[in-house]
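Enquirer: test case, fold it:
(one chain, ligands or ions: 1)
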Amino acid sequence: MNNRMKIECKDCGGELNILEDAVVGEIVSCPDCGAEFEITSNSEGKVDVKPAESVGEDWGE
Ligand SMILES: [Zn+2]
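Expert: The predicted model follows:
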């Protein structure tokens, strides 16, 4: 139960632990560098992520 998948952090090469039942749109953060990634797909044990923009659409300070 609750199998985890490991995805390589695109920033530092560390390991992101993603739960098998993680949903698309969920944000995971790298335990090593703190970078945040958004899950873009999760099917049949294969997960893809993309870098998450830290403050979304806020282009102010
Ligand atoms: Zn990292």
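Enquirer: I'd like the average pLDDT over the lengthiest strand in the chain.
Expert: Scanning the chain for the longest strand, with DSSP state E as the assignment, gives strand 36-43. When pLDDT is averaged over strand 36-43, the result is 94.
Enquirer: quick one: contacts of it?
Expert: 7, 9-10, 16, 18, 22-30, 47-52, 54 (CB atoms under 8 Å, 6 or more residues apart in numbering). C-beta here means a position set from N, CA and C on the backbone, and glycine is covered the same way.
Enquirer: repeat the analysis, applying 7 Å as the threshold.
Expert: Residues from elsewhere that reach strand 36-43 (CB atoms under 7 Å, 6 or more residues apart in numbering): 16, 18, 22-29, 47-52, 54.
Enquirer: out of these, list just those in strands.
Expert: Per DSSP E, the subset of those in strands is 16, 18, 27, 28, 29, 47, 48, 49, 50, 51.
Enquirer: may I ask which two of the residues you listed are separated the most?
Expert: Put simply, by CB to CB the two of those set farthest apart are 29 and 48, 16.5 Å from each other.
Enquirer: tell me the contacts of residue 20?
Expert: Contacts of residue 20 by CB under 7 Å, 6+ apart are 2, 3, 4, 5, 45.
Enquirer: in JSON lines: the residues you listed, plus secondary structure, distance to the ion and neighbour count.
Expert: Formatted as JSON lines, those follow (DSSP: H, G, I helix; E, B strand; the rest coil; distance: CB to the ion, whole Å; neighbours: other CB atoms under 10 Å):
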{"residue": "2", "secondary structure": "coil", "distance to the ion": "22", "neighbour count": "6"}
{"residue": "3", "secondary structure": "coil", "distance to the ion": "21", "neighbour count": "9"}
{"residue": "4", "secondary structure": "strand", "distance to the ion": "16", "neighbour count": "12"}
{"residue": "5", "secondary structure": "strand", "distance to the ion": "16", "neighbour count": "15"}
{"residue": "45", "secondary structure": "coil", "distance to the ion": "22", "neighbour count": "8"}
